[in-house]
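Participant: Curious how this folds, go ahead:
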Amino acid sequence: MSILSQHLLNIGLKFGRLLPAQPCLLCGALSRDGLCCAACNSELPRLSLMHCPTCALPTLAGEVCGRCLQHPPTFDHAVAAFSYSFPIDQLIKALKFHERLILVKFLANELASRVTSKPDCVVALPLHPIRLRERGFNQSQLLATHISKRLDIPLLTDACQRVRDTPPQSSLPWKERDKNMHHAFSMRPDVDIQGKHVAIIDDVMTTGASLGELAGTLKQAGAREVSAWVVARTLPHHEQI
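Facilitator: Sure thing, here's the model as predicted:
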């Protein structure tokens, strides 16, 4: 490390010690490391780097999983920061249902740090207007806005609409989720994505039905390639971290 680099690092450390400590979101201990103290941050269920590049489920050597070989999803790639397990599951629920908007930057940064290939543009998985009025915000849109700025990728705001007010996916058995999302989305006709690589941003992927349906809509509108970026990936029970 150069003398200048070491000097800048020392300044950063001294500045960090001047910042007021705040309670860690998870354990309550005072911390100057952000929302989570260093100890809790190190224990978060980050997804293994050895996972299927198509759907983000763990595989032995990072190869495409058997499920994607037999039944390829509509999207081409997936990126996920965490497994959907404690305490990430509780943080995402706190954001969605209890308006803990302070979590947006933290979760978005974790997802952005996993991105290795930049698409032409990003879109957020849309909420139906009825659901949006009830909740007051779309957590996926908030995540997408931050990631768009962090990675300097254009965000297509309101390019996609949810045209069917479907029951929440989490309330349905896995086998019914694909059917529930059928024809749930549409594209604005004035949005040009012909030949582009588009990334969809959402909070959680379980079966991939919502992301797959929107990916199909994007491809019908001319997208060349579609990626699915999610904060957390639900894993089969025996693979939970």
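Participant: The residue lying closest to residue 95 once chain neighbours are set aside: what's it in contact with?
Facilitator: In space, residue 95 comes closest to residue 103 once its chain neighbours are excluded; the distance is 4.6 Å by C-beta to C-beta, 6 or more residues apart in numbering. All C-beta atoms are positioned from the backbone trio N, CA, C, and that covers glycine. Taking C-beta atoms under 8 Å, 6 or more residues apart in numbering, we find residue 103 in contact with 25, 35, 91, 92, 94, 95.
Participant: how about a cut-off of 10 Å?
Facilitator: Shown in contact with residue 103 (C-beta atoms under 10 Å, 6 or more residues apart in numbering): 25, 35, 91, 92, 94, 95, 96, 139, 142, 143, 231.
Participant: gap between it and residue 60?
Facilitator: Distance, residue 103 to residue 60, using C-beta to C-beta, to the nearest Å: 33 Å.
Participant: what's the neighbour count on residue 159?
Facilitator: Other residues near residue 159 number 20, with proximity taken as other C-beta atoms under 10 Å.
Participant: Residue 68 now?
Facilitator: The local packing of residue 68 (other C-beta under 10 Å) involves 18 other residues.
Participant: So for it, what's the pLDDT?
Facilitator: For residue 68, the model assigns a pLDDT of 97.
Participant: secondary structure class for it?
Facilitator: Secondary structure, DSSP: H, G, I helix; E, B strand; the rest coil: residue 68 is helix.
Participant: which stretches of the chain have low pLDDT?
Facilitator: By pLDDT under 70, the low-scoring segments of the chain are 1-19, 167-181, 237-241.
Participant: What ranges does it have for its strands?
Facilitator: Along the chain, counting by DSSP state E, strands occupy 22-23, 30-31, 77-83, 121-124, 160-162, 185-187, 197-205, 225-233.
Participant: Ok, which of these comes nearest residue 148?
Facilitator: Of all these, it is strand 121-124 that lies closest to residue 148, at 5.6 Å by C-beta to C-beta.
Participant: List the contacts of the nearest residue to residue 51 once chain neighbours are set aside.
Facilitator: Distances taken as C-beta to C-beta, 6+ apart place residue 58 nearest to residue 51, at 5.0 Å, with adjacent residues excluded. Going by C-beta under 10 Å, 6+ apart, residue 58 touches 47-52, 65, 83, 233, 235-236, 239, 241.
Participant: ok, what's across the strand from the residue nearest the centre of the chain?
Facilitator: The centre of the chain sits closest to residue 230, judged by C-alpha atoms, centre = their mean, with a distance of 2.3 Å. Residues in a beta bridge with residue 230, per DSSP bridges, are residue 80, residue 202.
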